[in-house]
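Student: Fold the following and give me the result.
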Amino acid sequence: MTRKIYFCGSIRGGRDDRDLYERLINNLRQYGEVLTEHIADKDLFEKEKLDDKGIHDRDMDWLISSDAIVAEVTQPSLGVGYEIGRAVALNKKILCLFRPESGKHLSAMIAGANNGSNFVVKNYEETQASEIFKQFFS
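Tutor: Reported below is the predicted structural model:
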């Protein structure tokens, strides 16, 4: 059975990291099926045909069916925070990635949830992502 990975990244909160999301998603594919690879699509807004309710319901179905959550949390996003909160309630295995060199500050609600096992928060540089994924999925 293939592992299902739900990748979270900012969409309406800002698309500055879209290229990074694409590289992370490409890296994640070796560990399973990435259910939300559309997050890296440069034409996402033009291609999305669902209304807000449809997006919520589709994404919640994917979140529920996933085995693990990987969230790039450097760009603040209400949606990503919501997804992480729902994943916690569903007792999902969660990895949050934050780039301190961005000059941004990670929410205490994310940083403080780190328990080193099923909720892992990593400060990282992109070159470290492969090793972090390897550790998280082993």
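
Student: Show me where the chain has its helices.
Tutor: Here the chain has its helices, by DSSP state H, at 18-28, 44-47, 52-65, 78-89, 108-111, 129-137.

Student: Residue 10: which of those is closest?
Tutor: helix 78-89 (6.1 Å; C-beta to C-beta). (Glycine included, C-beta is placed from N, CA and C.)

Student: any idea of the mean pLDDT for the closest one?
Tutor: For helix 78-89, mean pLDDT is 97.

Student: tilt between it and helix 52-65?
Tutor: On the basis of axes from the mean of the first three to the mean of the last three C-alpha atoms, to 10 degrees, helix 78-89 is oriented at 40 degrees to helix 52-65.

Student: Give the buried residues for helix 78-89.
Tutor: The neighbour-count check on helix 78-89 (16 or more other C-beta atoms under 10 Å) flags 79-81, 83-84, 87 as buried.

Student: do stretch 93-101 as well
Tutor: By neighbour count with 16+ other C-beta under 10 Å, stretch 93-101 contains the buried residues 93-99.

Student: now swap in stretch 28-35 and tell me
Tutor: So stretch 28-35, judged by 16+ other C-beta under 10 Å, has buried residues 28, 31-32, 34-35.
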